[in-house]
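Visitor: sequence plus the predicted model coming up.
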Amino acid sequence: MHASTSPPPLDPDLLLLAYRSGVFPMADARDDREVFWVEPRRRAILPLDQFHCSRSLAKVLRRGAFTVTCNQAFERVIVECAGPRADAQGTWISHRIEATYCQLHELGRAHSIECWLDGDLVGGLYGVGFDRVFCGESMFSRADNASKVALAWLVAALRRAGCVLLDCQFITGHLASMGAVEISQAEYLALLRAAQSPTDGEAAADGLGAGLEVGLGDGAGLALPAGFAALLADAAGASSSPGNFIAQSFTQTS
């Protein structure tokens, strides 16, 4: 008998090319060795200026019920996202997909937001960032409001980082309640192309933007960690707690 070997992670250049083209990978089960590529006819996005922060969520943010971090426990977040859920549905995050995104994280292209309660990881999300795009992959919650708080911090950090497109892939009731909408694939691709084009004063002279040969060293990746850090600095400069600062920002733009 020959010992089985795990399939290698997907090539990061191929994966980023897929995302830049509106396609992403999934698997049928945790132990599935194969992946398939998905291009939904209907796509969920969350317009960053239309995030719905309910009064109850704003209260949780202001109270600082959770300690929120960025990129402090990426591997743990993706494992939690792949874990059993209350609805008893299986997971599309296979071990191969997990290894693929952990590799992408090491290359600075995949990021996580974590929510901690008394030192325990109780919620979070992860996704892929490039140019002015963030593609949310999955989230989990082990405490009331943890995933909502993680999403609120993600939206606030992306806005601070200059992101213009938050891709949620598939619509759910949870996402819709927080402002996500469903659009056609054609509409999504138009937004995706625009978010990869250089803005006035950006590095157009360096050849960055739409039509760029995809690579990990193009310097155009979305800096979610930098946006997160800038958000904390802004809150400190305003002599406000980060949660209160974020809640106030949503109140001002809603």
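Guide: Here it is on my side, so go on. Numbering: from 1, shown residues only.
Visitor: identify the residues contacting G162.
Guide: G162 sits next to 132, 227 when contact means C-beta atoms under 8 Å, 6 or more residues apart in numbering. Any C-beta I mention is one placed from the backbone N, CA and C, and that applies to glycine too.
Visitor: how close does it get to R132?
Guide: For G162, the distance to R132 equals 6 Å [C-beta to C-beta, to the nearest Å].
Visitor: got it, and L15?
Guide: As judged by C-beta to C-beta, L15 and R132 stand 19 Å apart.
Visitor: between these two, tell me which one has more neighbours.
Guide: The neighbour comparison of L15 against R132 (other C-beta atoms under 10 Å) goes to L15, with 24 against 21.
Visitor: which SSE is the more buried one in?
Guide: Using DSSP states H and E, L15 maps to helix 12-20.
Visitor: packing partners for the next helix or strand after that helix?
Guide: Remark: after helix 12-20, the chain's next helix or strand is strand 24-26, criterion DSSP H and E. Contact partners of strand 24-26 among helices and strands, from 3 or more C-beta pairs under 8 Å, 6 or more residues apart in numbering; DSSP states H and E: helix 12-20, strand 36-38, helix 95-106.
Visitor: now strand 24-26: how far from the chain's centre is it?
Guide: 14 Å (C-alpha atoms, centre = their mean, to the nearest Å).
Visitor: separation between the closest residue to L151 other than its chain neighbours and A99?
Guide: Excluding the flanking residues, the one nearest L151 by C-beta to C-beta, 6 or more residues apart in numbering is M178, at 6.2 Å. To A99, M178 is 30 Å away according to C-beta to C-beta.
Visitor: and A247, by the same measure?
Guide: 37 Å.
Visitor: and those two? which has more neighbours close in?
Guide: Using other C-beta under 10 Å, the more surrounded residue of A247 and A99 is A247, with 23 against 17.
Visitor: tell me the SS of the residue lying closest to N244 once chain neighbours are set aside?
Guide: Nearest residue to N244, sequence neighbours excluded (C-beta to C-beta, 6+ apart): R62, at 4.7 Å. Three-state assignment for R62 (DSSP: H, G, I helix; E, B strand; the rest coil): helix.
Visitor: what's around R62, how many residues?
Guide: 16.
Visitor: hmm, L232 is touching P242, no?
Guide: Yes. With contacts counted by C-beta atoms under 8 Å, L232 reaches P242, the gap being 5.7 Å.
Visitor: which of the two has more neighbours?
Guide: Neighbour tally, L232 and P242, criterion other C-beta under 10 Å: the higher count belongs to P242, 21 against 15.
Visitor: and that one, how close does it get to R33?
Guide: P242 is 42 Å from R33, by C-beta to C-beta.
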